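> Generate a structure from the sequence data that follows.
(4 chains)
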4 protein chains.
Amino acid sequence: MHLGLIGLGKMGGNMRTRLRNGGHTVTGYDRNPDVSDVGSLAELVEALPSPAVVWVMVPAGDPTRETVAELGELLSEGDLVVDGGNSRWTDDQLNAEKLREKGIGFVDCGVSGGIWGLENGYALMYGGADDDVAKILPAFETLKPEGDSGMVHAGRKPGAGHFAKMVHNGIEYAMMQAYAEGWELLEKVDVVDNVTEVFDSWREGTVIRSWLLDLLVVALKDDAHLDEIRGYAEDSGEGRWTVEAAIDNAVPMHVIAASLFARFTSRQDDSPAMKAVAAMRNQFGGHATQAGSPAGGDSSAPPEK
Amino acid sequence: MHLGLIGLGKMGGNMRTRLRNGGHTVTGYDRNPDVSDVGSLAELVEALPSPAVVWVMVPAGDPTRETVAELGELLSEGDLVVDGGNSRWTDDQLNAEKLREKGIGFVDCGVSGGIWGLENGYALMYGGADDDVAKILPAFETLKPEGDSGMVHAGRKPGAGHFAKMVHNGIEYAMMQAYAEGWELLEKVDVVDNVTEVFDSWREGTVIRSWLLDLLVVALKDDAHLDEIRGYAEDSGEGRWTVEAAIDNAVPMHVIAASLFARFTSRQDDSPAMKAVAAMRNQFGGHATQAGSPAGGDSSAPPEK
Amino acid sequence: MHLGLIGLGKMGGNMRTRLRNGGHTVTGYDRNPDVSDVGSLAELVEALPSPAVVWVMVPAGDPTRETVAELGELLSEGDLVVDGGNSRWTDDQLNAEKLREKGIGFVDCGVSGGIWGLENGYALMYGGADDDVAKILPAFETLKPEGDSGMVHAGRKPGAGHFAKMVHNGIEYAMMQAYAEGWELLEKVDVVDNVTEVFDSWREGTVIRSWLLDLLVVALKDDAHLDEIRGYAEDSGEGRWTVEAAIDNAVPMHVIAASLFARFTSRQDDSPAMKAVAAMRNQFGGHATQAGSPAGGDSSAPPEK
Amino acid sequence: MHLGLIGLGKMGGNMRTRLRNGGHTVTGYDRNPDVSDVGSLAELVEALPSPAVVWVMVPAGDPTRETVAELGELLSEGDLVVDGGNSRWTDDQLNAEKLREKGIGFVDCGVSGGIWGLENGYALMYGGADDDVAKILPAFETLKPEGDSGMVHAGRKPGAGHFAKMVHNGIEYAMMQAYAEGWELLEKVDVVDNVTEVFDSWREGTVIRSWLLDLLVVALKDDAHLDEIRGYAEDSGEGRWTVEAAIDNAVPMHVIAASLFARFTSRQDDSPAMKAVAAMRNQFGGHATQAGSPAGGDSSAPPEK
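I've put the predicted structure just below:
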């Protein structure tokens, strides 16, 4: 098929390549003229056959909202917009509604696979009406990994695809935290001789074998104690939205929330909350705080009264 | 090689089969005469060539401690005991010490793989001196899965194998909880049309693909809403010991601990802690408690003052 | 002063009494004619001197939004609306904006004290412009507890009062959970002879003495093991909004979030997440699930491989 | 009464003063001759009337164990040892057993109150046989705060007092964390004008008023943003033992455990677990890690695929 693709960054650029390798015609647009096939969104739309199918692959939030709004002006009845970015599923509902007023279809599509997707394929979770999905299905078939899995029509309501992807990322946070906590314990306690070898061994036959484990082993083989990496992790919106959706729906979510909070903590130079804890301890126990003057050799004082 | 195997339950029985299929001679002993090859531990030891190698595969705690103590009486200098059960690593240190006094070697071995191990092989994490490990290595080679992974000499100190296996299980708890929380959210919110299909799609190309995910999909294909299963999960010792080791070593372990606590909660008919919460709310807010008499139609009262 | 009071339920009714006892004139309105002083909102507004001051004490969300909107139609420039309910602070921003367009002032006020407020006074946290606050200050002075504390002009921006009250409730959730977890442990372990006496003793001289502790002791003296209470706790919006505000601002909030999730769990007959955990355990370990057929006397099988 | 007191540090020294102010005769011993009344434990024992009563107030663990063992050599049948330190309750069981073999009584006593105890009294939670408790009761009556509360015979079994104190401290950790999380959120979000004033206002009339809140307000009035304090908090044994007791007894303990872990985190310069998380993110997403080379202006790349 012939489709338009907006956003040719790390993800979008690789997806264009995979689509072209699969025999599709892709007209790409990016603000960066070095990678763009056309000079503007309008040019992109003009280049497409009718009905036009445009895949949006730009950052979630304002960039996606603005791009979809602009496409609403440029496209015609029967055309289709696919949002393949990391939009919040509630944004999809608004975007779909605005496009529907003009007879333009909308499909939201969560994409997983990272930098490995070009070679191995991208897992796709999409939402939207059956006839809208049918228009983009040939591209999905090329993008997806080999095998029976890796692609799902998550729901007919707009946002179903991004909702599924959002939960996927929430699970991902907690899985990463699980391996990370185990790794820290093994590193800290002087019992196991070679922690990397232990993690490597887990890649076959164990209950916890996974792709994330494979990746962690790659990293550990390169830098056994991760000396070159700071314990600092960003979070994208999906982890936050997953916990918020849980709260909205009264779903207990201890481990995903704790994984998210651990990322927040990792980005703090000092913890305001722990300042408050230290301040209280100091008040009742006369415990010296770190920046204060140490109380000195009070050897017989029990530590926390 | 020819080895003795004590404990022919679900795990031990399958391991005997896999060892025999691999060309080894196994003399097995179990309290249950229907599955046992010999009538007593003494008979088992007599049946083995020198140096004798005995694999213990009985429940952790007293049963293992007693079996090892008995073997200490029956075996001779140069023989070897392998504890393949789920012993706490601190038990290994005691068991190894007692056997060493008599010149008997000791290897602790954590085994993963469950009921799939017979066919796919068992992941093995073992600890002990190199020359002790050498005596049991042929059996390890047969038990392990195919491929380069699945087996590790975790450390030379007794307990290193079980310590690695313990951490493996702690990670496992949190991974299971991660999928479980995501599943609950998808089930609760009416956005995704078919939750099983979403989980199934994640099996290829996603960041969270894993063997546990494969297993969950098998279960969901059989019973999409898990109506036939109660939300009740036992815990074995390893999860508890992992968190205790974390506490002993000042390692933060939010998600593994929370996963363990979720299992505790799952086994309570009613939560004592939440009784106390309800009691306090009732005292300050006049909130009706569930077993008490409802306060009635107080429509304009804010809910929690 | 003479003020209008809308909503005469448990909280509003008691506040009317305390205001009248303090010498103020209160014209109250409630949908329930048995407790209402006037027949309609319009009558209430007519009864007030100019500038009119109206205190809204109805449930958060739609009831408050609708009442404020109606007051926007009935009141005049220079009048004042006080929202003393449990509104989300983001609602205050919208309500204040709508009233401001008509020259009507707005003060949001979080109120704490529960059923004890009538006698002991209500803690008040309010937000709004200084001249708006000045109009309602005489009522605040009467409602507040004795002493120097118990009242704060939290901020000049609309929502500052409810934001402070929201965080107060988040803290409250975690404090209640803290006592509750300690109580459960003391009840469970057979070491302490009389748990109620221990809690009672903590009321003087300890680091954890508090009003919540006093209340819990009252409850325990009446029902030592809380046999009459189910472990079931509702949550009002404030706990949820506190965690959501934390997530929006990348603030780690482990204990308040966990306290909220514990309440969610307390209201589930069975845990979907734990069904999923049980399903996975069953798949890899052949562990019998609770509703399935027990595997039987497999005495030598280690519990979790 | 006349009693011996071993350990005259911050706690022990103040307790000696309060006991003497209450009319008791105290013979104190400390390794530091500047504060000690006698030159050795033997001298201390000789100075006491029969039956001798000796209060041990030294750090938990080896110092207490060794002191009790030494007293076992020096004391006679009918004498009494009181352990007022922060011993683990399981230590009490061992200490009591050893002393009992020689006919020496044992009372364990958890003490709360910190540096405020000298003036306000110490809350006491003690365990032991009735006749042993009777021998030290006059001292308890002097040490305790005024009022009906502040003292409890927690149980007849050795360790009951320290067990109660241990749980007290676990609750304390979570209460401190609750206030701390709330404070961090109020500090972070620009809604409330003066966070200290808000906390100060909560001291009267609110559900969350407590002594800890009073103390935090004292600290905030001195240093509103706690700029002088590092977010670093030690933990004493009690918090750890509380969580371990919970695990041993299958009691869910989300918030106390999370509070303990937050203290662990506060003492880490960098988080090993978050290094592992960052390493995994880097592997699948090509996310630049903090110490690596930034990927540059990849504006259209979704952040976490």
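> what kind of secondary structure is A:Ala257 in?
helix (DSSP: H, G, I helix; E, B strand; the rest coil).
> do the same with A:Arg18
Using three-state DSSP, the structure places A:Arg18 in helix.
> The residue lying closest to it once chain neighbours are set aside sits in which helix or strand?
Residue nearest to A:Arg18 in three dimensions, not counting chain neighbours: A:Leu118, with 5.5 Å by C-beta to C-beta, 6 or more residues apart in numbering or on different chains. Every residue, glycine included, has its C-beta placed from N, CA and C. A:Leu118 belongs to helix A:117-120 when assigned by DSSP states H and E.
> So for that helix, mean pLDDT?
The average pLDDT for helix A:117-120 rounds to 92.
> What of stretch A:13-30?
On average, stretch A:13-30 scores 97.
> For it, buried residues please.
Buried residues in stretch A:13-30, counted by 16 or more other C-beta atoms under 10 Å in any protein chain shown: A:13-16, A:18-19, A:24, A:26-30.
> rewinding a little: the helix holding A:Leu118 packs against which elements?
In this structure, helix A:117-120 makes packing contacts with helix A:10-21, judged by 3 or more C-beta pairs under 8 Å, 6 or more residues apart in numbering or on different chains; DSSP states H and E.
> circling back: nearest to chain D, of the buried residues of stretch A:13-30?
A:Asp30 (6.2 Å; C-beta to the nearest C-beta).
> Do a quick rundown of the strands in chain A.
Listed in chain order, the strands of chain A (DSSP state E) span A:2-6, A:25-29, A:53-56, A:80-83, A:105-112, A:123-127, A:151-155.
> how about the residues of the stretch 101-250 of chain A near chain D?
By C-beta under 8 Å from any C-beta of the partner chain, the part of the stretch 101-250 of chain A that sits against chain D consists of A:111-117, A:169, A:176-177, A:179-181, A:183-184, A:187-188, A:211-212, A:215-216, A:218-220, A:223, A:226, A:228-238.
> among those, which ones are buried?
Neighbour-count burial (16+ other C-beta under 10 Å) is assigned, among these, to A:111-117, A:169, A:176-177, A:179-181, A:183-184, A:187-188, A:211-212, A:215-216, A:219-220, A:226, A:229-233, A:235-238.
> Out of those residues, list just those in helices.
Members of those lying in helices (criterion: DSSP state H): A:117, A:169, A:176-177, A:179-181, A:183-184, A:187-188, A:211-212, A:215-216, A:219-220, A:237-238.
> Show me chain A divided up by domain.
A:2-157, A:166-266 (the TED database).
> Pick the most deeply packed of those domains.
domain A:166-266 (a mean of 24; mean count of other C-beta atoms under 10 Å in any protein chain shown).
> Next, the distance between the ends of that domain.
22 Å (C-alpha to C-alpha, to the nearest Å).
> Need the residues that contact the worst-scoring helix or strand of chain A on mean pLDDT.
One helix or strand of chain A scores below all others by mean pLDDT, DSSP states H and E: helix A:117-120, with a mean of 92. With C-beta atoms under 8 Å, 6 or more residues apart in numbering or on different chains as the test, helix A:117-120 has contacts from A:11, A:14-15, A:17-18, A:111, A:113, A:143, A:145, B:205, D:305.
> farthest pair in the residues you listed?
A:Thr17 and B:Gly205 (16.3 Å; C-beta to C-beta).
> near chain C, which residues of chain A?
Residues of chain A lying close to chain C by C-beta under 8 Å from any C-beta are A:207, A:235, A:240, A:243-244, A:247-248, A:250-254, A:257-258, A:260-262, A:264-265, A:267-268, A:271, A:273, A:284, A:305.
> switch the cut-off to 7 Å
With C-beta under 7 Å from any C-beta of the partner chain as the criterion, chain A meets chain C at residues A:207, A:240, A:243-244, A:247, A:250-254, A:257-258, A:261, A:264-265, A:267, A:284.
> I'd guessed A:Thr64 sits against A:Trp55; true?
No - counting by C-beta atoms under 7 Å, A:Thr64 does not reach A:Trp55; the two are 11.8 Å apart.
> how near is the residue nearest to A:Asn21 when sequence neighbours are not counted to A:Thr17?
Once flanking residues are discounted, A:Asn21 sits nearest to A:Thr142: 8.0 Å by C-beta to C-beta, 6+ apart. Separation of A:Thr142 from A:Thr17 (C-beta to C-beta, to the nearest Å) stands at 11 Å.
> so A:Val82 touches A:Ile136, yeah?
Yes - contact criterion C-beta under 7 Å: A:Val82 and A:Ile136 qualify, at 5.3 Å.
> shared neighbours of the two, anything?
Common contacts of A:Val82 and A:Ile136 (C-beta atoms under 7 Å, 6 or more residues apart in numbering or on different chains): A:53, A:107.
> contacting residues around A:Met175?
A:212, B:175, B:178, B:208.
> shouldn't the first one be in contact with D:Arg281?
No - because the distance of 10.1 Å does not satisfy C-beta under 7 Å, A:Leu212 is recorded as not touching D:Arg281.
> low-scoring stretches of the stretch 151-300 of chain A, by residue?
By pLDDT under 70, the low-scoring segments of the stretch 151-300 of chain A are A:287-300.
> on that earlier part again, ok, and which of the residues of chain A next to chain C reach chain B?
A:207, A:251, A:253-254, A:258.
> Of those residues, which belong to helices?
A:254, A:258.
> ok, the ones next to chain B among the residues of chain A next to chain C vs B:Glu43, which is closest?
Taking C-beta to C-beta as the measure, A:Val207 is the one of these closest to B:Glu43, at 35.1 Å.
> List the residues that contact the closest one.
A:Val207 sits next to B:112, B:114, B:172, B:211-212, C:284 when contact means C-beta under 7 Å, 6+ apart.
> export those residues to JSON lines and tack on distance to chain A?
Formatted as JSON lines, these follow (distance: C-beta to the nearest C-beta, whole Å):
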{"residue": "B:Ser112", "distance to chain A": "4"}
{"residue": "B:Gly114", "distance to chain A": "7"}
{"residue": "B:Glu172", "distance to chain A": "5"}
{"residue": "B:Trp211", "distance to chain A": "5"}
{"residue": "B:Leu212", "distance to chain A": "6"}
{"residue": "C:Phe284", "distance to chain A": "6"}
